[in-house]
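1. compute the structure for the input listed below.
(2 chains)
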Protein chains: 2
Amino acid sequence: MDQPPESTLSQALVLPGFTVRGLTMPELRKDPIVGRWVIIATDRAKRPLMRRKESCVDALPGSLCPFCEGNEDKTPAEILAYRARESQANQRGWRVRVVPNRFPALQVDGHLNKRGDGIYDRMDGIGAHEVIIECPQHKESLTELSEDNLREMIWVYRDRLVDLKKDARLVYGMLFKNVGSQAGASLEHTHSQLIVTPIVPINVQEEMNGSKAFYQYRGRCIYCDIIQQELHAAKRIVLESSHFAAICPFASRFPFETWIIPKQHGSHFENIHKLEVEDLAGVLKTVLCKIETALDRPSYNYIVHTAPFDAQSLPHYHWHIEIIPRLTRIAGFEWGTGFYINPVPPEQAAEYLQETEVRCSS
Amino acid sequence: MDQPPESTLSQALVLPGFTVRGLTMPELRKDPIVGRWVIIATDRAKRPLMRRKESCVDALPGSLCPFCEGNEDKTPAEILAYRARESQANQRGWRVRVVPNRFPALQVDGHLNKRGDGIYDRMDGIGAHEVIIECPQHKESLTELSEDNLREMIWVYRDRLVDLKKDARLVYGMLFKNVGSQAGASLEHTHSQLIVTPIVPINVQEEMNGSKAFYQYRGRCIYCDIIQQELHAAKRIVLESSHFAAICPFASRFPFETWIIPKQHGSHFENIHKLEVEDLAGVLKTVLCKIETALDRPSYNYIVHTAPFDAQSLPHYHWHIEIIPRLTRIAGFEWGTGFYINPVPPEQAAEYLQETEVRCSS
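-> Okay, the predicted model is just below:
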């Protein structure tokens, strides 16, 4: 099943005399200095090792890939599927399908069991870790999907968030996609993931704090201001549609980093309007087509940034999607400082992506 | 010369119809939401491309490596060298040597020229980017150096910080080391780097804020508390010497992450005592020997975390060294959340490293 959403163990961890001893439960631990939480999940050390290029196309298409239609028994039982009316759960006939990750970073069952240990804080690793299989055919890129298919994928994203936010133990849902080995993926069949956590992740909290501080000072949403300034300056725009703007952000950390931001204010992705879903399918596909064409099908990640479950509609926060092509490596300086060095000015990246012509079949 | 301290462009960026147009000056830009600064440095796109395994051992040792003794003309002119009394600058006879990075992320000359652009902030990329060549012979690992050599390396670290903090434009000095291609290094000859910036990097600011909040509440340094608790619990200790403790931190982000913390409180690395320098050389060498032995010579980074230049001695901050073996990959979830998933409990990592026997020649 789905191998590594992240932190993939390389072969280096096959060590003589060292085997990870399993914990009964994943554990969440808080760094006492900066407040960053870490998941200690020994189950994930049991995953198969990363292979250089694991392709189920090469190895008997459709017969070995656990995400292909007909192989539903190779995954845990489905949580949700959009499927033909006469079809049965965990059988053929689905269009988009959601299953639990076989090597989950967090477990659904149990209590948080929060506890201290001197100056340290920990709790049990309660949460959800799901895989969204975007189509039944063995396609390697989301850009090969029809726009109808993509709309259903977006509706599945939304339905899973709506469902999981009913669980009072959980406060944040992170939707993301890893494509290519450089981005941490090992299965080619196009899929996304959802990790739902019992605490608000530190990077999200920082976005919330920063945008709230701006709102308290100016009375406006900073993302709305960014869209307005970007559309006016027209220097960092990749494309503009009726409901979205795709831009290379002013302080891009990575070459060709691209954000898709809804023009209308909204803090929670799961409250997306139907017309926005219609539009987003085309925007996402076109932007990814441009990135694939311009950058020669790079590995990339995208992440849906949205407000925590427990917040009401927020005037200061604005959901958006961040796409990060993985063209560069991160080394000591960036780890130490959070200070990124980007050799490509976002104005040049946006111009190049804007001018890249693509023909997306819909 | 030294290629990539970080953000190495991969070959993917050789794109038909796209060439990075150089800026006259690196530029610092601030993310308006979270306050994270980014360096836009087009000069770094001109660097030679990363090769798979660039070895100057294989290719005529000592004749092609710009860091080897005898090749002083292959680097920019030296900034500092500890050398034999009768020897001349930029000639043979040095033991540790500091030169400017040939593809610097920041430039020494000019004014900060801070300016706004609507909601955005930017300034010129003023700063320093230096390479510390740790020994004249072509050695690939710091663990091959004598302890005397390592002590001189540590004194050079300190001397450069003391010198650069005299520049009123600069506020932070980050010393770090990238080893192996996974960690962003491309030259084998053992070396460290120093980047000095005109703003305090966000990760450092977070450590400062977190430790200050703890101090205001408890009246103690949180790092001093951590050392006390760790030495008492004895579950995450890799080694203890007269002046230092090496531990795998409670909330380790990465497998086998190891911190070296001085037992005596001190906020600024450059104020290190002579007896601590003597001791640190052996501790650093032993810890790195253990990591090399236990993990089969992995790529790794280490970073010296220290207080900003403009601060007086701080009761709440405590300098330390963070060592990160690069055994895992970072993907979408971690980028989006700052929430790391680590499959190896630090207790098991520390036990394994503690028990790994090494024989370090001194």
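2. pull out the buried residues from stretch A:212-224.
-> For stretch A:212-224, burial by neighbour count (16 or more other C-beta atoms under 10 Å in any protein chain shown) applies to A:214, A:215, A:221, A:222, A:223, A:224. C-beta coordinates here come from the backbone N, C-alpha and C atoms, glycine included.
3. beta partners for residue A:342?
-> For residue A:342, the beta-bridge partners under DSSP bridges are residue B:40.
4. dump the residue contacts of it.
-> A:252, A:253, A:254, A:255, A:257, A:328, B:7, B:38, B:39, B:40, B:41 (C-beta atoms under 8 Å, 6 or more residues apart in numbering or on different chains).
5. which one among those sits at the bottom for pLDDT?
-> Lowest in pLDDT among the contacts of residue A:342 is residue B:7, which has 35.
6. check the buried residues of stretch A:212-224 against chain B, which are close?
-> Among the buried residues of stretch A:212-224, the ones lying near chain B by C-beta under 8 Å from any C-beta of the partner chain are A:214, A:222, A:223.
7. now, which of the residues you listed sits nearest chain B?
-> Relative to chain B, the closest of those is residue A:222; by C-beta to the nearest C-beta it sits at 5.8 Å.
8. my read is that the closest one contacts residue B:33, right?
-> Yes. Using C-beta atoms under 8 Å, residue A:222 is in contact with residue B:33, at 5.8 Å.
9. overlap in contacts, these two.
-> Shared contacts of residue A:222 and residue B:33, defined by C-beta under 8 Å, 6+ apart, comprise A:210, A:211, A:214.
10. helix or strand for the residue nearest to the spatial centre of chain A, which one?
-> By C-alpha atoms, centre = their mean, chain A has its centre lying nearest to residue A:176, at 0.8 Å. Take DSSP states H and E as the rule and residue A:176 turns out to sit in strand A:172-179.
11. grab the CA positions of the longest helix anywhere in chain A and hand them over as PDB.
-> Counting residues, the longest helix found in chain A (DSSP state H) is helix A:274-294. C-alpha atoms of helix A:274-294 as PDB (Å, rounded to 0.1, in the frame of the first residue of the first chain):
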ATOM      1  CA  LYS A 274     -19.900  24.500  -5.800                       C
ATOM      2  CA  LEU A 275     -18.900  27.100  -8.500                       C
ATOM      3  CA  GLU A 276     -15.500  27.200  -7.000                       C
ATOM      4  CA  VAL A 277     -15.100  23.500  -7.200                       C
ATOM      5  CA  GLU A 278     -16.100  23.600 -10.900                       C
ATOM      6  CA  ASP A 279     -13.400  26.200 -11.500                       C
ATOM      7  CA  LEU A 280     -10.700  24.800  -9.200                       C
ATOM      8  CA  ALA A 281     -10.600  21.500 -11.200                       C
ATOM      9  CA  GLY A 282      -9.600  23.400 -14.300                       C
ATOM     10  CA  VAL A 283      -7.200  25.800 -12.600                       C
ATOM     11  CA  LEU A 284      -5.400  23.000 -10.700                       C
ATOM     12  CA  LYS A 285      -5.100  20.900 -13.800                       C
ATOM     13  CA  THR A 286      -3.800  23.800 -15.900                       C
ATOM     14  CA  VAL A 287      -1.300  25.000 -13.300                       C
ATOM     15  CA  LEU A 288       0.100  21.400 -12.900                       C
ATOM     16  CA  CYS A 289       0.200  21.000 -16.700                       C
ATOM     17  CA  LYS A 290       2.300  24.100 -16.900                       C
ATOM     18  CA  ILE A 291       4.600  22.900 -14.200                       C
ATOM     19  CA  GLU A 292       5.000  19.500 -15.800                       C
ATOM     20  CA  THR A 293       5.600  21.000 -19.200                       C
ATOM     21  CA  ALA A 294       7.900  23.800 -18.100                       C
END
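12. say whether chain B is contacted by stretch A:229-247.
-> Yes. On the criterion C-beta under 8 Å from any C-beta, stretch A:229-247 is in touch with chain B at A:229, A:233.
13. return the set of buried residues in that stretch.
-> A:229-230, A:235-241, A:243-247.
14. what do you get for stretch A:185-204?
-> Result for stretch A:185-204 [16+ other C-beta under 10 Å]: buried residues A:185-204.
15. next one: stretch A:354-362
-> Going by neighbour count (16+ other C-beta under 10 Å), the buried part of stretch A:354-362 is A:354, A:356, A:358.
16. from those, which is closest to residue B:293?
-> When these are ranked by distance to residue B:293 (C-beta to C-beta), residue A:356 comes first, at 48.8 Å.
17. ok, now how distant is that closest one from chain B?
-> Distance from residue A:356 to chain B, counting by C-beta to the nearest C-beta, to the nearest Å: 9 Å.
18. return the residues in contact with that residue.
-> Counting by C-beta under 8 Å, 6+ apart, residue A:356 has contacts A:290, A:293, A:294.
19. out of these, which are close to chain B?
-> Among these, proximity to chain B is found for residue A:294 (C-beta under 8 Å from any C-beta).
20. format the contacts of residue A:356 as TSV; extra columns: neighbour count, pLDDT and distance to residue B:264.
-> Output for the contacts of residue A:356, formatted as TSV (neighbours: other C-beta atoms under 10 Å in any protein chain shown; pLDDT from 0 to 100; distance: C-beta to C-beta, whole Å):
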residue	neighbour count	pLDDT	distance to residue B:264
A:290	24	96	56
A:293	15	93	58
A:294	23	92	54
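21. just the contacts of residue A:356 now: which is nearest residue A:71?
-> The shortest gap between residue A:71 and any of these belongs to residue A:293, at 31.0 Å (C-beta to C-beta).
22. OK, contacts around the closest one?
-> A:356, A:357, A:358.
23. related to what we said a few turns ago, let's see which of the buried residues of stretch A:354-362 end up in helices.
-> residue A:354.
24. before we move on, the earlier item: which of the buried residues of stretch A:212-224 fall within helices?
-> With helices defined by DSSP H, the entries of the buried residues of stretch A:212-224 inside them are A:214, A:215, A:222, A:223, A:224.
25. now do residue A:33 against residue A:146, distance only.
-> Residue A:33 sits 49 Å away from residue A:146, going by C-beta to C-beta, to the nearest Å.
26. likewise residue A:118?
-> From residue A:118 to residue A:146 the distance is 56 Å (C-beta to C-beta).
27. wait, isn't residue A:320 in contact with residue A:222?
-> No. Contact criterion C-beta under 8 Å: residue A:320 and residue A:222 do not qualify, at 11.5 Å.
28. returning to what we had before: quick one: buried residues of the longest helix of chain A?
-> In helix A:274-294, counting by 16+ other C-beta under 10 Å, buried: A:276-277, A:279-292, A:294.
29. also stretch A:263-276?
-> Buried residues in stretch A:263-276, counted by 16+ other C-beta under 10 Å: A:263, A:265, A:266, A:267, A:268, A:269, A:270, A:272, A:276.
30. pull up the distance across it, start to finish.
-> 10 Å (C-alpha to C-alpha, to the nearest Å).
31. and that stretch, what's its mean pLDDT?
-> Per-region confidence: stretch A:263-276 scores 97 on mean pLDDT.
32. residue contacts, residue A:79?
-> Applying C-beta under 8 Å, 6+ apart, the residues near residue A:79 are A:98, A:99, A:100, A:130, A:160.
33. for it, give me phi and psi.
-> The phi/psi pair for residue A:79 (degrees, to the nearest 10) reads phi -90, psi -40.
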